[in-house]
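*Asks:* For reference, the sequence and a predicted model appear below.
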Amino acid sequence: MAINDFQSNLIQTFHRSLTFLRTYTSSNQLIVAANTAFSVYLYNFTRELLAVTGDQILLAEQEDLGQINFAEFVQENNSQLISDWYVACWSVESLLLSSLTTFYNQSVLDHIVNTTKFSALHFSNSNHFNLSTVIDNIMSKLFIEEWTSNISYSLYYHLCKPLTCFYQVEKHRNNFLISLITLIGLLGGLSIMLRSSIPLVTRFIFYLVRRRRAARQSAIAHLELPWTKKRVLSTIIRILVNLNLFKTAKHVQVRDLNQQRWSTHLFIILLCAAILIITAYNSINKISRTIVVNNPSLDSIEKWQADSYITSSLQCPCSQISAPYQSFFHLTVTYHQICSSDFISSRWIASLQNATDPLAVLFIANLRSHPDFFELLRSLCTFANNTISSALAGFSNTQLVTAALLVRQVFDHQMNSVADFFIQSTISDFLRLKYILSNLTQVNQFITEAYSSFDVELANVSYESSNIFYPYLTASSYISISNQTVLCFCITEISCKIQIGAYIAASYVILLYPIPGMFTGCIPMPSLLVSTLECFYDDSNCLSQIDKAVETNLSSWVTHLRSHLSSQFLQNTTIYILLEHMFLEVWAINSLFERYFNACAVQSCSYMILENYVAIEIITILFGLIGGISNALIFTVPFLSC
């Protein structure tokens with residue numbers, strides 16, 4: 001899954017960057033040396049126009065001029081055409097439209113290049129691409145015939161280097177042994193207790209039996225003394241005083257018997273003290289118990305998590321330690337309304353192109369010269385949408401790995417952190433390519449079809465009777481608008497801006513209406529970024545003023561941007577700020593802890609509690625310990641009483 005995601009994300013990233021590069025080149029109307037996209041021609045306001053003929057510019061009549069948008073390629077001998085190889089406006093477009101069919105044919109390749117021997121490409125049935133596959137399709141696969149992955153678990157093991165392993169096994173034999181050991185301990189304690197108490201009980205019973213027999217056999221009638229509390233107590237004391245647990249057949253002297261009785265008394269005292277101490281200790285001591293609950297509900301788990309005595313030891317392991325974000329986490333976006341408006345539609349752009357004034361259109365600050373403004377804006381919206389869609393698709397398949405169920409608060413915090421990082425990284429990736437292309441455009445001093453970053457100057461060379469002018473390009477240093485001079489030295493000031501307006505051309509260009517917030521300059525991209533969209537809102541009469549100035553009806557069908565919609569951007573926010581936010585109004589984060597709980601699939605939870613021993617447990621412990629204590633006392637007490 002991870003390998004497939006990597007391959008898909010890599011291809012999508014490359015394709016997205018290439019698409020933006022192609023759109024950036026066309027929208028900025030960059031001129032190429034091959035004259036395949038644009039041709040330069042000159043005119044003056046006396047309507048004497050200069051037509052291009054190679055690298056020479058001749059004085060010509062107006063009716064002889066035709067604007068050349070695409071160079072014409074005429075091949076006299078069609079047999080010399082290269083199969084499936086085309087020429088488009090820009091070299092990249094030419095490459096993508098073509099295929100490699102010719103380069104699999106050795107004879108044709110030798111005919112094209114006859115000075116050096118080149119080997120033709122080899123084609124086999126195992127090739128992923130056909131002979132006629134266009135390079136655009138090949139490039140969409142990154143020129144890769146086959147992906148080969150090599151997964152080595154042994155290498156992963158060596159990198160992991162586990163120090164220890166543990167596992168849990170349930171064995172009934174252990175329970176039997178524990179029960180047997182406990183039973184033996186209890187029997188030991190019981191045997192000591194019974195061995196000590198049974199002789200006393202037996203002696204007392206025999207004493208009562210003898211008394212009754214003696215009373216029956218006595219010829220003299222007498223009244224038997226009643227068993228009062230005092231008499232019972234004195235009898236018990238007498239029995240205890242005379243009790244001898246250490247009697248042996250070898251030691252029957254009075255001195256030996258007294259010592260044995262003292263040993264018995266000390267034994268009983270120490271044994272009772274031990275019993276009292278153990279009972280008191282177990283009564284106040286708390287034991288740790290592990291509670292295991294199978295198939296717990298989410299409500300139960302959250303109740304345990306809220307309990308300060310339980311939450312520190314609570315463990316709810318996930319049976320599924322990894323789950324894709326898409327199963328419980330969703331990011332949805334809302335774009336600025338410009339990216340779905342009529343102002344980036346093909347109809348709007350075509351309307352500006354159709355409103356062309358053949359003279360005023362050549363003036364760089366004229367609105368009708370700038371359909372590229374809206375084409376570039378559309379390409380940025382599309383690039384932002386593609387970037388976000390691709391990033392969201394990759395993010396949705398990313399796995400969240402958790403060995404145990406997270407607390408809801410921790411889960412929410414982690415999801416917010418993940419979302420913030422994803423948003424910032426997506427925006428950074430989006431802007432990085434834009435910055436690279438903008439800097440390359442400035443550093444390489446590319447010139448544009450808009451005639452905004454260069455001047456054409458002519459060198460007059462006389463050859464016999466004809467005047468021939470040789471053009472050459474220089475960086476434009478100033479632009480004059482309505483008798484005002486704006487300095488725009490495009491070598492160093494690529495961000496220079498001039499306000500766009502509605503102009504008409506007479507003997508000089510006349511500004512009819514300055515369009516608020518729209519600017520042009522050296523290159524379309526920087527000009528777009530310093531512009532705003534304030535002209536296109538429904539609380540502005542900007543479009544009506546444009547229609548009035550240039551005699552169009554744009555405002556009759558276009559839908560204005562709605563000023564009443566909630567937005568984080570002001571109407572006079574620059575497009576640069578919109579671009580920094582990827583034209584996004586809202587990133588909506590929706591994380592569902594309940595779905596995460598289901599994806600985790602908790603099968604059991606365990607936690608520890610501290611509690612006192614119950615009476616039966618204390619008695620069991622006492623009986624288990626009495627045996628050992630009694631044996632120890634029996635061995636040591638005789639020496640202590642000497």
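*Replies:* Nice, I can see it. Residues are numbered from 1 along each chain as shown.
*Asks:* buried ones in stretch 419-427?
*Replies:* Going by neighbour count (16 or more other C-beta atoms under 10 Å), the buried part of stretch 419-427 is 419, 422-423, 426-427. In short, each C-beta sits where N, CA and C put it, glycine included.
*Asks:* tell me the contacts of the closest residue in space to residue 392 that isn't next to it in sequence?
*Replies:* Distances taken as C-beta to C-beta, 6 or more residues apart in numbering place residue 331 nearest to residue 392, at 6.0 Å, with adjacent residues excluded. By C-beta atoms under 8 Å, 6 or more residues apart in numbering, the contact set of residue 331 is 392, 395, 419, 422, 587-590.
*Asks:* okay if I get these as TSV plus pLDDT?
*Replies:* Below are the contacts of residue 331 laid out as TSV (pLDDT from 0 to 100):
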residue	pLDDT
392	88
395	86
419	90
422	89
587	88
588	88
589	86
590	87
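*Asks:* Buried ones from these, can you make that a PyMOL selection?
*Replies:* Filtering the contacts of residue 331 down to the buried ones (16+ other C-beta under 10 Å) takes a single PyMOL command:
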select buried, resi 392+395+419+422+587+589
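*Asks:* Could you dump the contacts of residue 331 into CSV with distance to residue 544 and secondary structure added?
*Replies:* Below are the contacts of residue 331 laid out as CSV (distance: C-beta to C-beta, whole Å; DSSP: H, G, I helix; E, B strand; the rest coil):
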residue, distance to residue 544, secondary structure
392, 40, helix
395, 45, helix
419, 43, helix
422, 43, helix
587, 36, strand
588, 36, strand
589, 41, strand
590, 42, strand
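*Asks:* Residue 576: which of the contacts of residue 331 is nearest?
*Replies:* Nearest to residue 576 among the contacts of residue 331 is residue 587, at 19.6 Å by C-beta to C-beta.
*Asks:* who does that closest one bridge with?
*Replies:* residue 333 (DSSP bridges).
*Asks:* and the gap between it and residue 20?
*Replies:* 22 Å (C-beta to C-beta, to the nearest Å).
*Asks:* try residue 386
*Replies:* In terms of C-beta to C-beta, residue 386 sits 8 Å off from residue 20.
*Asks:* So for the two, which sits in the more crowded spot?
*Replies:* residue 20 (22 against 16; other C-beta atoms under 10 Å).
*Asks:* and the residue nearest to the more buried one when sequence neighbours are not counted, how many neighbours?
*Replies:* In space, and not counting its chain neighbours, residue 20 is closest to residue 383: 4.5 Å by C-beta to C-beta, 6+ apart. Using other C-beta under 10 Å, residue 383 has 23 other residues around it.
*Asks:* pLDDT score for residue 383?
*Replies:* Per-residue pLDDT puts residue 383 at 86.
*Asks:* Kindly provide the distance from it to residue 579.
*Replies:* Counting by C-beta to C-beta, the gap from residue 383 to residue 579 is 10 Å.
*Asks:* Likewise for residue 568?
*Replies:* Counting by C-beta to C-beta, the gap from residue 568 to residue 579 is 14 Å.
*Asks:* And for residue 163?
*Replies:* 51 Å.
*Asks:* Regarding the chain, what is its longest strand?
*Replies:* For the chain, the strand with the greatest residue count under DSSP state E is strand 509-521.
*Asks:* Figure out the helix or strand that residue 331 lives in.
*Replies:* Taking DSSP states H and E as the criterion, residue 331 maps to strand 329-335.
*Asks:* That strand: what's the following helix or strand?
*Replies:* Counting by DSSP H and E, what follows strand 329-335 is helix 346-354.
*Asks:* and that following helix, average pLDDT?
*Replies:* 82.
*Asks:* returning to that earlier point: residue 568 and residue 579 - which one has more neighbours?
*Replies:* For residue 568 versus residue 579, the count of surrounding residues by other C-beta under 10 Å is larger for residue 579: 21 against 11.
*Asks:* Helix or strand with the lowest mean pLDDT in the chain?
*Replies:* None of the helices or strands of the chain scores lower by mean pLDDT, DSSP states H and E than strand 56-60, at a mean of 38.
*Asks:* List the buried residues of the helix or strand just after that one.
*Replies:* Downstream of strand 56-60, the first helix or strand assigned by DSSP H and E is helix 91-97. For helix 91-97, a neighbour-count test (16+ other C-beta under 10 Å) marks 92-94, 96 as buried.
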